[in-house]
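Participant: Following is a predicted model, sequence given first.
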Amino acid sequence: MDLAGQILIAMPGMADPRFDHSVILVCAHSPDGAMGLILNKPLEELSFSGLLEQLGIPRAPQGRDIRIQFGGPVERGRGFVLHSSDWQAEGSTLEVPGGLGMTATLDILQALAQGGGPGEAMLALGYSGWGPGQLEAEIGRNDWLTSTAPEGLVFGADDGGKWSAALRGMGIDPLTLSAAAGRA
């Protein structure tokens, strides 16, 4: 089963605190592994304008601000812009099922700094990665639920409410989930 474009919702009792109550968009999935971005762990200590300044990218008065998230523990110094599919960098944008794109080149940051770029975007520093079969094993262990993203979840501003909203989108009341897994 290809999980690209699906979201992973961390189950209560997630052993790894970096993923506690996480909602992750799976951007790529193949027999070689999977790659995704956490959608609900904002990096409050870094602003987009501060990042542009660090990178030496000039910002126009009409330049846009986008939120910066902790995308995951792998390559934390590398940025990935998750965005709507109305913008693409030739040969550099990964199409993500569900009408999304992911671009990791400076041209998207430059476009946003000038007031252009995609209609919707967020920047993730780092990513979440799994080796061959690892994500499937974690799903089998009941670490993650998988679903399509409810409308407005990916770029929604309420990071603190995304985990509950993702569960409610599946028809699950977050208060009814248990950290214990069962087997029949």
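Facilitator: Happy to help now that I have it.
Participant: Need phi/psi at residue 103.
Facilitator: phi -130, psi 130 (degrees, to the nearest 10).
Participant: ignore the last one, residue 13
Facilitator: Backbone torsions of residue 13, given as degrees, to the nearest 10, read phi 90, psi 10.
Participant: quick one: pLDDT of it?
Facilitator: Note on residue 13: pLDDT of 82.
Participant: what's the burial count for it?
Facilitator: 13 (other Cβ atoms under 10 Å). Yep, even glycine has a C-beta here, placed from its N, CA and C like the rest.
Participant: and the gap between it and residue 72?
Facilitator: For residue 13, the distance to residue 72 equals 19 Å [Cβ to Cβ, to the nearest Å].
Participant: now swap in residue 97 and tell me
Facilitator: Distance from residue 97 to residue 72, by Cβ to Cβ: 19 Å.
Participant: These two - which one has more neighbours?
Facilitator: The neighbour comparison of residue 97 against residue 72 (other Cβ under 10 Å) goes to residue 72, with 23 against 14.
Participant: List the residues that contact the more buried one.
Facilitator: Shown in contact with residue 72 (Cβ atoms under 8 Å, 6 or more residues apart in numbering): 18, 24, 36, 37, 38, 124, 126, 127, 128, 129.
Participant: Next, find the distance separating the residue most central in space within the chain from residue 114.
Facilitator: In the chain, the centroid-proximal residue (Cα atoms, centre = their mean) is residue 37; its distance is 2.9 Å. Distance of residue 37 to residue 114, computed by Cβ to Cβ: 24 Å.
Participant: Give me the neighbour count for residue 31.
Facilitator: Neighbourhood size, residue 31 [other Cβ under 10 Å]: 7.
Participant: Ok, residue 164 next?
Facilitator: Here the count is done by other Cβ under 10 Å, and residue 164 has 17 residues near it.
Participant: where does it fall, helix, sheet strand or coil?
Facilitator: Following DSSP: H, G, I helix; E, B strand; the rest coil, residue 164 is assigned to helix.
Participant: just checking, it touches residue 174?
Facilitator: Yes. Using Cβ atoms under 8 Å, residue 164 makes contact with residue 174 at a distance of 4.8 Å.
Participant: re earlier: which residues does the residue nearest to the centre of the chain form a beta bridge with?
Facilitator: As for beta bridges, residue 37 partners with residue 25 under DSSP bridges.
Participant: So for stretch 110-121, what gets flagged as buried?
Facilitator: Across stretch 110-121, burial judged by 16 or more other Cβ atoms under 10 Å covers 110, 111, 112, 113, 114, 117, 118, 120, 121.
Participant: So which of these sit within strands?
Facilitator: The strands, defined by DSSP state E, take in residue 121 from the buried residues of stretch 110-121.
Participant: Please dump the buried residues of stretch 110-121 into TSV; it should also carry distance to residue 78 and pLDDT for every row.
Facilitator: Compiled in TSV, those are given as follows (distance: Cβ to Cβ, whole Å; pLDDT from 0 to 100):
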residue	distance to residue 78	pLDDT
110	17	96
111	19	96
112	17	97
113	18	97
114	22	96
117	19	94
118	19	96
120	21	96
121	16	97
